[in-house]
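Peer 1: let me see the structure of the following:
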Amino acid sequence: MIIKLKQQLVKTSLRLVEKGLVVATWGNLSIREEKKQVFVITPSGMPYEKLNPEDMVTLDFKGNVLEGERKPSTETPLHLEIYKAREDVKAIIHTHSIFASACAVSRVAIPPVIEDLASLVGGSVDIADYALPGSEELAKNALKALGEKNAVLLANHGVIAVGPTVDEAFKTACLVEKAACIFINAHLVGVPKVISKEDVKTLRNYYVNKYGQK
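Peer 2: Next up is the predicted model:
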């Protein structure tokens, strides 16, 4: 099972590069292996195009390395905090996508201005207070701002997208970038109108319980 998770990480890493959500060695992603209470994460500082399954690192929920010769991502504490707090989260993707990062740099949350974002994230993509990369403080700030939603912006940094599968987390990361682009461009032609909290709740409930082949 672990080898399949490692293969998924390699595949998704390449998809992130193809979509332009990461550049060079920045960003990271992980998947939880539920039965063994461990997670697999990308290594620190390695180009995505050169990653192989054996480069992935397996850790327990205390942060101990169980398998792998590489140093795990510097954002391992952030992944660990989210997994411990959110049992529904099975995968985490951290990107530095351009438009969403522009919002993070400006400390402006991305409101639910499009329905697909409301459906996947469950509301606005809020800003986590700034803290240095890889720090315990950043992990705590991110978890606090994330709450029960599926995405959060890290101030002056980038995006965290989570989901019940790595494909869902990837989809969320893409939609956050799309929503950020629309939100920024909407300001050029007028004033963006935000979907109401009631409608966000309805959209999210429909997505979780009825959307697709359920």
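Peer 1: tell me, what residue is most central in the chain?
Peer 2: residue 161 (1.9 Å; CA atoms, centre = their mean).
Peer 1: so which strand or helix has that one?
Peer 2: Element membership for residue 161 (DSSP states H and E) is strand 158-163.
Peer 1: may I have the helix or strand containing residue 176 as CSV, with CA atoms only?
Peer 2: Element membership of residue 176, judged by DSSP H and E, is helix 166-189. What follows is helix 166-189, C-alpha atoms only, in CSV (Å, rounded to 0.1, in the frame of the first residue of the first chain):
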residue,chain,number,x,y,z
VAL,A,166,-4.9,13.4,-3.3
ASP,A,167,-6.9,13.9,-6.5
GLU,A,168,-9.4,16.0,-4.5
ALA,A,169,-6.7,18.0,-2.9
PHE,A,170,-5.2,18.6,-6.3
LYS,A,171,-8.5,19.7,-7.7
THR,A,172,-8.9,22.1,-4.7
ALA,A,173,-5.5,23.6,-5.3
CYS,A,174,-6.3,24.2,-8.9
LEU,A,175,-9.7,25.8,-8.1
VAL,A,176,-8.1,28.1,-5.5
GLU,A,177,-5.8,29.4,-8.1
LYS,A,178,-8.7,29.8,-10.6
ALA,A,179,-10.8,31.6,-8.0
ALA,A,180,-7.9,33.9,-7.1
CYS,A,181,-7.4,34.8,-10.8
ILE,A,182,-11.1,35.5,-11.2
PHE,A,183,-11.3,37.5,-8.0
ILE,A,184,-8.3,39.7,-8.9
ASN,A,185,-9.5,40.3,-12.5
ALA,A,186,-13.1,41.0,-11.3
HIS,A,187,-11.7,44.0,-9.6
LEU,A,188,-10.6,45.4,-13.0
VAL,A,189,-14.2,45.4,-14.4
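Peer 1: and that helix, what's buried?
Peer 2: 166, 168-181, 183-184 (16 or more other CB atoms under 10 Å). Placement of C-beta: from N, CA and C, glycine included.
Peer 1: with stretch 80-93 instead?
Peer 2: Quick answer for stretch 80-93 (16+ other CB under 10 Å): 80-83, 86, 89-93.
Peer 1: export it as PDB, just CAs?
Peer 2: Written as PDB, here are the backbone C-alpha positions of stretch 80-93 (Å, rounded to 0.1, in the frame of the first residue of the first chain):
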ATOM      1  CA  LEU A  80       1.500  16.600  10.800                       C
ATOM      2  CA  GLU A  81      -0.600  19.200  12.600                       C
ATOM      3  CA  ILE A  82      -3.400  19.000  10.000                       C
ATOM      4  CA  TYR A  83      -3.500  15.200  10.000                       C
ATOM      5  CA  LYS A  84      -3.700  15.000  13.700                       C
ATOM      6  CA  ALA A  85      -6.500  17.600  13.900                       C
ATOM      7  CA  ARG A  86      -8.500  16.600  10.800                       C
ATOM      8  CA  GLU A  87      -9.300  12.900  10.500                       C
ATOM      9  CA  ASP A  88     -11.200  13.600   7.200                       C
ATOM     10  CA  VAL A  89      -8.000  14.800   5.600                       C
ATOM     11  CA  LYS A  90      -6.200  12.100   3.700                       C
ATOM     12  CA  ALA A  91      -3.900  14.300   1.500                       C
ATOM     13  CA  ILE A  92      -2.300  17.700   1.700                       C
ATOM     14  CA  ILE A  93      -0.900  19.800  -1.100                       C
END
